[in-house]
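[1] Coordinates for the following, if possible.
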Amino acid sequence: MCHLPGLVVFDLDYTLWPFWVDTHVDPPFQRDRAGSVLDARGRPVRLYPEVPAVLERLQGLGVPMAAASRTGETRGATQLLELFGVRRFLRCVEIYPRGKSAHFHRLQQDTGVPFAQMLFFDDEERNIRDVSKLGVTCVLVPDGMTQVLLTRGLEAFARS
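    Numbers count the residues shown, from 1 in each chain. Take a look at the predicted model:
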C-alpha cells in the first residue's frame, strides 16, 4: 500500500464498540479481577472483536489515529478508551455533542493534516455525508470495525 492517510479517524458507538455509551450501558466503568471491563451494574462491555487488530495494523503502518464522537457521555467514553487500551493508539480525541464537521475542523487544526489526507469510519450515514463534504474519504461501518473494512477504506483512500 503506497499511499496512506495522514490520519485515520474512528467514531466510537457502533464503530469501535457495540452500544451507545450514553444509553445502553451505565458509567462509571471498571475492570474486574479477570481483566473484563464492567459497567456500574456489573455488566460486561466489550469492543468489537477485530478492533485491537485494526488499531495495531494501522500503528504498524505508521498511520496516526484519532477518535471523534458526538456522545454527551464524554466521561464514560473517555474512560472506556482508557480501560480498553484504545487511548494509547490515538493522537487526538474529540468527544462532545456537536456535529462531526466540528470535530474534523478541530482535528485538522490540532494535527495539521488536511481533510483530503484523512480517512473516517462511522456507522451513521448522516455523519458520512457531512464529513465527506469536507473532502475526507469516508467508510460506512454497518456492523462494527473489521480488518476487511480497514482494507476497503485504505484502498478507497489510495484511489482518491
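
[2] and the helix or strand where F104 lies, average pLDDT?
    Per DSSP states H and E, F104 falls inside helix 100-111. Average pLDDT, helix 100-111: 96.

[3] swap in stretch 23-32?
    Rounded mean pLDDT across stretch 23-32 is 93.

[4] now that stretch, how far from the chain's geometric center?
    With Cα atoms, centre = their mean, to the nearest Å as the basis, stretch 23-32 stands 18 Å off its chain's centre.

[5] go on, stretch 80-92?
    Centroid separation for stretch 80-92 versus its chain: 10 Å, with Cα atoms, centre = their mean.

[6] After the helix holding F104, which helix or strand is next? Please name it.
    Counting by DSSP H and E, the next helix or strand C-terminal to helix 100-111 is strand 118-122.

[7] quick one: contacts of the helix or strand that that following strand is followed by?
    Using DSSP H and E, the next helix or strand after strand 118-122 towards the C-terminus is helix 125-132. Under the contact criterion Cβ atoms under 8 Å, 6 or more residues apart in numbering, helix 125-132 has outside partners 11, 70, 99-101, 104, 120, 122, 138-140. (Glycine included, C-beta is placed from N, CA and C.)

[8] related to what we said a few turns ago, by how many degrees do the helix holding F104 and strand 118-122 diverge?
    140 degrees (axes from the mean of the first three to the mean of the last three Cα atoms, to 10 degrees).

[9] What angle do helix 125-132 and helix 100-111 make with each other?
    Using the same axes, to 10 degrees: helix 100-111 against helix 125-132 is 40 degrees.

[10] Test my guess that D123 contacts P142.
    Yes - here D123 reaches P142: they are 7.0 Å apart, a contact under Cβ atoms under 8 Å.

[11] what comes into contact with the helix or strand hosting V54?
    With secondary structure defined by DSSP H and E, V54 is part of helix 51-61. With contacts defined as Cβ under 8 Å, 6+ apart, helix 51-61 is touched by 1, 4, 8, 16-17, 65, 84-86, 89, 144-147, 150.

[12] Next step: those residues restricted to strands.
    Of the contacts of helix 51-61, the ones assigned to strands by DSSP state E are 8, 65.
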